[in-house]
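> Model the following, please.
(3 chains)
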Amino acid sequence: MEKEYRLSSDPLNVEYLIDYEKELNESQLEAVLTVDGPLLCIAGAGSGKTRTLIYRVARMVESGIPPDSIVLLTFTRKAAFQMLNRTSELVGDKIRTILGGTYHSVAYRLLRKYGSCMGLPPDFMIMDESDSSDLINLVRGEVILQHQDTRFPNKNTLKDLLSASINRGLDFEAAIKREIPQFIELSEEIIKIFSLYSEYKNKNRLLDYDDLLTTLITLLEENEEARKIVHEKFRYFLVDEYQDTNLLQAKLTRLLGEKCRNVMAVGDDFQSIYSFRGADYRNIFRFSEFFPESKIVRLEENYRSTSSILDATNCLMTHAAKSFRKTLFTERKGGEKPVIIPCSNEDQQARFVAQRILELREEGISLSEMAVLFRSGFHAYQLELELQKRKIPYQKWGGFKFLEAAHIKDILAHLRILLNPCDHISWTRVLSLIDGIGSKTIKKFLEVSGDFRNGSFLEENIGSPRSKPGLVILGQYLKKSMENLPMEPASLLNFAADYYNPLLKKKFDDYPKRMKDLDHLSVIAGKYKNLETFLTDLALEPPSNSVNGNLKAENEKEEESLVISTIHSAKGMEWNSVFIICAIEGRFPPFYSMDDPENIEEERRLMYVAMTRAKENLFISYPSNIYDHITRTVFSEPTRFLGEIGEEYFQKWNIREG
DNA sequence: GCTAAAAATGTTTTT
DNA sequence: CATTTTTAGC
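Coordinates of the predicted model:
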């Protein structure tokens, strides 16, 4: 076995190239210089949190810590990537070996490397969310056969329930009582579905998102050898956005860091916005319980926003319930007060935003320095139309994902079956595209369950005569692809597209648009040499753009464009000018959050996150009449959060048409 | 018995 | 608006 033996360098002999004292303020410096031992950093919005992390990594590397013993846990791969890039500008390329990414992707990589000693098959695959849903649907079908007369929770309800119980550490019974009390009599059947689901995953070497975390936890808890190896290899941990970790992630942090104790967690309880996923901002407070000797550093000086904006956000948070009271301050005095714009309807709101964006651009603010934020993806539909009409280039973050589009899932299924013959979920997708094949025929195929990749299913004589021609063509595709394995993902994707395009044309009316998406996918595929890596990366780190936003390969040069984004996806970003749209009761906060004060707390934090993204200009607009098709009511009140802040913090623009 | 088209329904936020 | 359930049709 190989082992690393590090001679610690004499601090007096290290020559630091960076003048840390000059570049950082006092608290930031303290956080950066505290390299050994646990450190909790409470960092307000815009307080130079990222800067602090970057300089801390630089400092560590400069003082001789091997980069490959450092683990950087961030919320998105994008954030990790950005951070490593900026660090390498400071100290050079050697930081490339830092292990960085989300909890899930880091867990994946650790399991790949060290999972075998726990009996984890080396070729396990990751299921994305839709795979899990599909699989749950499959086993749900089995159980439901015996209960045809009763109504049963649907697949997504079940999946959310399962995930909630795992991420919050509840047993199934308790979770059912809490999440879906109306189905309490069906507990037994529901639990049966879960156990079938998990059985199936084990049998087919599949891990879902939650499994990545739980399996690694089990590995570290129960396998002493693995734990030792991991503890020896990784000695420094930096965790960003700690307020958004859930029970499992907190546990994992503790397990990873319990030996070396060099764990730094950065967080802001004001910015906790993922509780729907089981995130618990109280993990910040619990951190000092895991690591009682931890030092606490607070960053409260805001370098991002003008005081006009900051004052309003501070005021908003005085209405928040229990939390660390903190008030951000800034040297950037003055600035325009945030603007409130009442609009008569969504269309007017869209036209206002588009026009104002163009005006700001005339004033010399680049499109890439502006963003439009909203609570939910669909709030921006009208705006998107308006932007397209005016030919304003934009990219949309959040909302409907590229990968969730039916045609993308379809074509990826065709690639997956090449890799894993027992991937029933993908086979189901592939087969149901063929004319004359429905659920029953598919079930028959899956029962035979052979390795059909050579096209041998044709000999099984399953399916009606009507399905025969379609199956023959599928056989040709499989044969062609299998003969060429291994092969670059891009070429395989081309084979699949050749086969799939005719089917796509039949299935969708809007096929030209969808075929374009397939081209985009093939650009992404071009960056990979290995099919497996391609598929895993797609599941773990999906391209953040939505279907309609112009999807760009990352190395392609970005055209200067406006960002429109859900608030969740805008986390950690900043722009010169920010528009918040649809700030209306019923949408933000959404009507379904109104009966629970805890939810309203989170909505308020969400508003806080949105507002603190702005450096100079902040516009908050609301259409005063929206007819909501779901509740069949008219929303007309501006969001309560504006009232909480108070008029004196705002200026108001009244729109006149013409 | 099985599929495919038509009606109904439920719709946040993300790894 | 897109998925899921129902119903009609083959």
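> For residue A:635, give me phi and psi.
Dihedral pair for residue A:635: phi -90, psi 130, per degrees, to the nearest 10.
> pretty sure residue A:371 is in a helix, no?
No: Residue A:371: not assigned to a helix; according to DSSP: H, G, I helix; E, B strand; the rest coil it is strand.
> how far away is residue A:130 from residue A:75?
According to Cβ to Cβ, to the nearest Å, residue A:130 stands 22 Å off from residue A:75. The C-beta positions use only the backbone N, C-alpha and C, and glycine is treated the same way.
> count of neighbours near the nearest residue to residue A:126 once chain neighbours are set aside?
In this structure, residue A:126 finds its nearest non-sequential neighbour in residue A:539, 4.6 Å apart by Cβ to Cβ, 6 or more residues apart in numbering. Using other Cβ atoms under 10 Å, residue A:539 has 22 other residues around it.
> Between the two ends of stretch A:648-658, how far is it?
29 Å (Cα to Cα, to the nearest Å).
> Give the buried residues for it.
By neighbour count with 16 or more other Cβ atoms under 10 Å, stretch A:648-658 contains the buried residues A:649, A:650.
> so residue A:3 makes contact with residue A:228?
No: contact status for residue A:3 versus residue A:228: not in contact, 10.6 Å apart, counting by Cβ atoms under 8 Å.
> what bits of chain A have low per-residue confidence?
For chain A, the stretches with pLDDT under 70 are A:1, A:6-14, A:145-150, A:322-325, A:449, A:457-461, A:463, A:543-559, A:629-633.
> tell me what the longest helix along it is packed against?
Criterion DSSP state H: the longest helix present in chain A is helix A:489-507. Under the contact criterion of 3 or more Cβ pairs under 8 Å, 6 or more residues apart in numbering; DSSP states H and E, helix A:489-507 touches helix A:406-419, helix A:468-483, helix A:511-525, helix A:531-540.
> so that helix versus helix A:531-540, what angle?
With axes from the mean of the first three to the mean of the last three Cα atoms, to 10 degrees defining the directions, helix A:489-507 sits at 60 degrees from helix A:531-540.
> So what's the gap between helix A:489-507 and the chain middle?
Here the centre of helix A:489-507 is set off from its chain's centre by 28 Å, with Cα atoms, centre = their mean, to the nearest Å.
> can you check stretch A:173-180 too?
With Cα atoms, centre = their mean, you get 26 Å for stretch A:173-180.
> mind listing what's buried in it?
Buried residues in stretch A:173-180 (16+ other Cβ under 10 Å): A:175, A:176, A:179, A:180.
> show me which of these neighbour DNA strand B.
Applying Cβ under 7 Å from any atom of the strand, the subset of the buried residues of stretch A:173-180 adjacent to DNA strand B is empty.
> picking that back up, between the helices and strands packed on helix A:489-507, which one is nearest to residue A:234?
helix A:531-540 (19.3 Å; Cβ to Cβ).
> which residues sit against the closest one?
A:77, A:102, A:104-105, A:108, A:123, A:125-128, A:403, A:412, A:415-416, A:418-419, A:486-487, A:489, A:492, A:524-525, A:528 (Cβ atoms under 8 Å, 6 or more residues apart in numbering).
> From the contact counts, what lies against whichever strand or helix holds residue A:442?
Residue A:442 belongs to helix A:439-448 when assigned by DSSP states H and E. Contacting helix A:439-448 under the criterion 3+ Cβ pairs under 8 Å, 6+ apart are the following elements: helix A:424-432.
> Packing partners of the helix it packs on?
Packing partners of helix A:424-432 (3+ Cβ pairs under 8 Å, 6+ apart): helix A:129-144, helix A:406-419, helix A:439-448.
> Near DNA strand C, which residues of chain A? Just list them.
A:133, A:137, A:154, A:155, A:156, A:381, A:404, A:406, A:629.
> Which one of the residues you listed is nearest to residue A:636?
The closest of the residues of chain A next to DNA strand C to residue A:636 turns out to be residue A:629 (Cβ to Cβ; 15.7 Å).
> got the buried residues for stretch A:365-381?
Buried, per 16+ other Cβ under 10 Å, within stretch A:365-381: A:365, A:367-375, A:377, A:379-380.
> Let me know the closest of those residues to residue A:217.
Nearest to residue A:217 among the buried residues of stretch A:365-381: residue A:377, at 32.2 Å, using Cβ to Cβ.
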